[in-house]
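*Asks:* let's see this in three dimensions:
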Amino acid sequence: MKHRAKNSKIKYEHSMIPGLREFLEKKVEPLDFVKSIFPGEIKRTRGATPGFEIRFKYSTPTGAKLLAQKSSALQEIFVVTSKPNDLKKVIEN
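*Replies:* The predicted model follows:
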């Protein structure tokens, strides 16, 4: 598939905020129940977060939506998975 490294579940169409790629490759990509990961565009926020933060936003019909934030940048991540509740447990720990 276009914009995807070999043997990777992550689509690299957009750039990623600092720390997000490492987090996805270490904690989310190795999970058996995760099929694909789609990082969205980077958007600016008004306030600033001192460190890297990732939150589970909500479940979708095909998986889950996550939000990653660092400094004044915010990025949505869509994860295709059959077990969004298990993903939520991994993200919150």
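*Asks:* how far away is K27 from G40?
*Replies:* Distance of K27 to G40, computed by CB to CB, to the nearest Å: 18 Å. Placement of C-beta: from N, CA and C, glycine included.
*Asks:* more neighbours: those two, which one.
*Replies:* Comparing K27 with G40 by other CB atoms under 10 Å, the one with more neighbours is G40, at 17 against 14.
*Asks:* check contacts around the closest residue in space to K27 that isn't next to it in sequence.
*Replies:* Sequence neighbours aside, V90 is the residue nearest to K27 in space, at 6.3 Å (criterion: CB to CB, 6 or more residues apart in numbering). Residues near V90 by CB atoms under 8 Å, 6 or more residues apart in numbering: 27-28, 31.
*Asks:* can you pull the contacts of I10?
*Replies:* Contacts for I10 (CB under 8 Å, 6+ apart) come out as 4, 21, 24-25, 29, 37, 39.
*Asks:* from R44, how far off is it?
*Replies:* Here I10 is placed at a distance of 23 Å from R44 (CB to CB).
*Asks:* buried residues in the top strand by length along the chain?
*Replies:* The longest strand of the chain (DSSP state E) is strand 34-60. Neighbour-count burial for strand 34-60 flags 34, 36-40, 42, 54, 56 (criterion: 16 or more other CB atoms under 10 Å).
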